[in-house]
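> Sequence isn't available, so here's the structure alone:
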């Protein structure tokens, strides 16, 4: 079972790296703007991807200048937001993306669908990374 999971994860990571290398680099630069400056990097996580915020906050090496996004937060121009959602069509994620876009707050988004004209989240985001995950990893 562990060999199957290892094989699937390796293949997934290779596909993401090959297809999204430029977007990953742009996203790193975007988040670094807040991390090295006066800003904060806010993680807006939805559904099961809340685990990413937990890891960023409580992991062995916590994410620099990390904070969880909350609607009550008043974002400053130096702040950056990264949205993690399983599906780009998630209404909560899209509502936040529209709000950030209208406020001219640069943000990144990570979702399973590839960027396209029909993908509003990818259109609104300053940078967009597709995980290309269509289903579960193990059968």
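Nice, thanks for sending it over. These figures come from a predicted structure and were not determined experimentally.

> my guess is residue 38 meets residue 78, correct?
Yes: with contact defined as C-beta atoms under 8 Å, residue 38 reaches residue 78; the gap is 4.8 Å. Backbone N, C-alpha and C define where each C-beta goes, glycine included.

> Show the subsequent helix or strand relative to the lowest-mean-pLDDT helix or strand in the chain.
Taking mean pLDDT, DSSP states H and E as the measure, the helix or strand of the chain with the lowest value is helix 2-36, at a mean of 90. Where DSSP states H and E defines the elements, the next helix or strand beyond helix 2-36 is strand 41-45.

> and the angle from the very next helix or strand once past that next one to strand 41-45?
Under the assignment DSSP H and E, the closest C-terminal helix or strand after strand 41-45 is helix 50-58. Using axes from the mean of the first three to the mean of the last three C-alpha atoms, to 10 degrees, the interaxial angle of helix 50-58 with respect to strand 41-45 works out to 150 degrees.

> which helices and strands does helix 50-58 pack with?
On a contact count with 3 or more C-beta pairs under 8 Å, 6 or more residues apart in numbering; DSSP states H and E, helix 50-58 meets strand 41-45, strand 66-68.

> If you average the pLDDT over the helix or strand just after the shortest one, what comes out?
What it means is strand 66-68. Going down the chain from strand 66-68, the next helix or strand is strand 80-84, by DSSP H and E. Predicted confidence along strand 80-84 averages 97 (mean pLDDT).

> Residue 119: neighbour count?
Counted by other C-beta atoms under 10 Å, the residues lying close to residue 119 total 18.

> how about the residue lying closest to it once chain neighbours are set aside, what does it touch?
Counting by C-beta to C-beta, 6 or more residues apart in numbering, the nearest residue to residue 119 once its immediate chain neighbours are dropped is residue 88, at 5.0 Å. Contacts for residue 88 were tallied using C-beta atoms under 8 Å, 6 or more residues apart in numbering; they are 94, 109, 111-113, 119-122.
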